[in-house]
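**Student:** with the sequence up front, the predicted model follows.
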Amino acid sequence: MRTRVLKVISPAGQLPKCPTGIQGLDEITGGGLPRGRPTLVCGGAGCGKTLLAMEFLVRGAVQLGEPGVFMSFEETDGELKSNVASLGFDLAGLVRRKKLVLDHVHVERSEIQETGEYDLEGLFVRLNHAIDSVGAKRVVMDTLEALFAGLPNEAILRAELRRLFRWLKDKGVTAVITAERGREQLTRHGLEEYVSDCVILLDHRVYDQIATRHLRVVKYRGALHGTNEFPFLIGDNGISVLPITSLGLNHKISSERIGTGIPRLDAMLGGRGFFRGSSILLTGTPGTGKTIVAANFAAAAARRGERTLFFSFEESPNQITRNMHSIGLHLEPFVKRGLLRFHSARPSLYGLEMHLATMFKEIAAFQPDVVVVDPITSLMDSGTDAESKGMVTRLIDYLKGGQVTSLFTSLTQGGHALQQSEMAMSSLMDSWLLLQDFEGNGERNRVLYVLKARGMAHSNQVREFLISDSGIDLVDAYIGPSGVLTGSARAAQEALEKASVLAVQQEAARRKRELERKRVAIERQISGLRTEYESEAVELRRIDDQVGTRSLVLTTERAASSRLRQADAKAANGVRGRSKLKGQR
């Protein structure tokens, strides 16, 4: 990982700063050490005083173009070159290019005792020559105890210390002076911290058999600075200090959503999954399937062509890939294609800071789109509660700064309240999923909740979490008068409901058949009545025809009779007329 250098432009009226180039230290000090003034770095053996001072010089020479002088009173030039070579510092090359001067001053205690009166004039001449030879802007003196060893006269010691610090100020160089820590005070002599403009205290402590280093800015004249104690570590690239209090909440955000690899879980999140760059917490008791969900999440990212870095602190990569075969998930192709990388380590292997540095290094090298930490709680057991939460905070902020989506699994203990999680990590996360056990009817079943999902609509319903040889499925849990039913109880209840529905369907079919029979019977009756009606209508028409025929015959006969009667009348009338005529005659 390349170290970022903070370039500081001091406004008028503010103390000029000299950037150290050390990751995190410039944030704590508000831009670096006081320029042109001495800074005291004190601490016990093995806490990193010499390395911090050397990195201050190297970063200045390489990244800021400020040559430096390293005056050592204990280690020789060859020893210094060998000791810092593991950090990638090429002191020999810097010396050849006139960027750095290494000067080992050998001080014999017997010589100091024989001199009678101690005088630093010769040291000033030697140091002045080294500064002028390369135009040095930075100076390191390591350590004061070796320089003033065996000096019994405290008055002379104090006077020479003040004279040394005043000479460095007058020279206008930014100086770092290392000193060993005293028993009841910051330094052995108890004076250096008072004449220094800035005092940085380093500490190397052991907690629960795990060693960690801490840094604190005790004093900084004329400038605000972080006053808390911050853990730091020494890695392959030097010293790294990542304080929580200096992290700003100014991350870029994305509205893009990414799937989880579990369709029903995506449906619970509005059908689109989580926001890219968000942090997700997955908590659950042992055996609830946290690693399986994490593996599906990683596989879904790989299918999209995205890189996933999987940190495992309980299982080896081979064990994880083998176990995922039981659910039909094959991770090996993604590993071979370079889309999935595993990093497994025991939590007890390092302290929290070294684990964090290792994770930062892996992330910087692999450049993942998704990071999985399984489980984060195993890692957090390596430190105190405050250190653990601070580590998680720094990791989350680091990932968010790079728009990396992160999934953290957390092992919880049974009997905890639903809203509780280990170390109150849930407040740091954007989304929170809970896997829980339900025991009953002689079996144990799993359920899943979405407790929190910032910025997105999500389901508030519980889902039964099923794991089979074909993968993961979320099914609706039955909620009845007696509560949530899962497993065989849910299956039995579903069978009862199906039987009830079937009975209703059968009854409806029976009634339908009965109605159909009635319809057919009625239609038969209607058909019979229609046939009878038509028969009667035919008979009626036949009778009507007969009546009409009879009426016609009768009418005809009457007409004929009438004609006959009229003929008879006419004949009779004719006879009577003839008779009358005869009588008249």
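**Tutor:** Thanks, I have it.
**Student:** what sits against residue 473?
**Tutor:** Taking CB atoms under 8 Å, 6 or more residues apart in numbering, we find residue 473 in contact with 264, 466. To be clear about C-beta, it is placed using only N, CA and C from the backbone, and glycine gets the same treatment.
**Student:** next one: phi and psi at it?
**Tutor:** Phi and psi for residue 473, reported as degrees, to the nearest 10, are phi -140, psi 150.
**Student:** same question for residue 364.
**Tutor:** When read as degrees, to the nearest 10, the backbone of residue 364 gives phi -70, psi -30.
**Student:** same question, residue 284
**Tutor:** Torsion angles, degrees, to the nearest 10, at residue 284: phi 170, psi 160.
**Student:** give the residue spans of the stretch 401-550 of the chain that score low on pLDDT.
**Tutor:** 413-424, 440-441, 477-494 (pLDDT under 70).
**Student:** how about the strands in it?
**Tutor:** With DSSP state E, counting those that start in this stretch as the criterion, the stretch 401-550 of the chain has strands at 405-411, 431-440, 443-453, 463-468, 471-476, 478-480, 483-485.
**Student:** so, low pLDDT: which residues of the stretch 51-200 of the chain?
**Tutor:** For the stretch 51-200 of the chain, the ranges with pLDDT under 70 are 108-119, 149-154, 184-191.
**Student:** winner for burial among the strands of the stretch 401-550 of the chain?
**Tutor:** Among the strands of the stretch 401-550 of the chain, ranked by average contacts under mean count of other CB atoms under 10 Å, first place goes to strand 405-411 (a mean of 25).
**Student:** parallel or antiparallel, list what pairs with it.
**Tutor:** Its sheet considered, strand 405-411 pairs with strand 279-284 (parallel), strand 370-374 (parallel) by DSSP bridges.
**Student:** quick one, it and strand 431-440 angle?
**Tutor:** 30 degrees (axes from the mean of the first three to the mean of the last three CA atoms, to 10 degrees).
**Student:** TSV for the strands of the stretch 401-550 of the chain, including distance to residue 278?
**Tutor:** Output for those, formatted as TSV (distance: least, CB to CB, whole Å):
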stretch	distance to residue 278
strand 405-411	6
strand 431-440	6
strand 443-453	9
strand 463-468	21
strand 471-476	20
strand 478-480	30
strand 483-485	29
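**Student:** closest to residue 272 out of these?
**Tutor:** Residue 272 lies closest to strand 443-453 among those, at 11.0 Å (CB to CB).
**Student:** parallel or antiparallel, list what pairs with the closest one.
**Tutor:** Short version: by DSSP bridges, strand 443-453 pairs with strand 431-440 (antiparallel), strand 463-468 (antiparallel).
**Student:** ok, and the closest non-adjacent residue to residue 252?
**Tutor:** Nearest residue to residue 252, sequence neighbours excluded (CB to CB, 6 or more residues apart in numbering): residue 403, at 6.3 Å.
**Student:** OK, contacts around that neighbour?
**Tutor:** 252, 254, 276-277.
**Student:** just the buried residues of those.
**Tutor:** 276-277 (16 or more other CB atoms under 10 Å).
**Student:** just put the contacts of residue 403 in a markdown table and tack on pLDDT.
**Tutor:** As requested, the contacts of residue 403 are exported to a markdown table (pLDDT from 0 to 100):
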| residue | pLDDT |
| --- | --- |
| 252 | 83 |
| 254 | 87 |
| 276 | 93 |
| 277 | 92 |
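**Student:** possible to save the strands paired with strand 443-453 as a markdown table with distance to residue 215?
**Tutor:** Converted to a markdown table, the strands paired with strand 443-453 look like this (distance: least, CB to CB, whole Å):
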| stretch | distance to residue 215 |
| --- | --- |
| strand 431-440 | 33 |
| strand 463-468 | 45 |
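**Student:** which single one of the contacts of residue 403 is nearest to residue 122?
**Tutor:** Closest to residue 122, out of all of the contacts of residue 403 and judged by CB to CB, is residue 252, at 57.0 Å.
**Student:** let me know the helix or strand that that closest one is in.
**Tutor:** Under DSSP states H and E, no helix or strand contains residue 252.
**Student:** how near is it to residue 517?
**Tutor:** Per CB to CB, to the nearest Å, residue 252 is found 74 Å from residue 517.
**Student:** same thing with residue 398?
**Tutor:** Distance of residue 398 to residue 517, computed by CB to CB: 78 Å.
**Student:** neighbour count: the two, which is higher?
**Tutor:** Taking neighbours as other CB atoms under 10 Å, residue 398 and residue 517 compare with residue 398 leading, 19 against 10.
**Student:** now do the most centrally placed residue in the chain, the pLDDT please.
**Tutor:** Taking CA atoms, centre = their mean as the criterion, residue 279 is the residue nearest the geometric centre of the chain, at 2.2 Å. Per-residue pLDDT puts residue 279 at 93.
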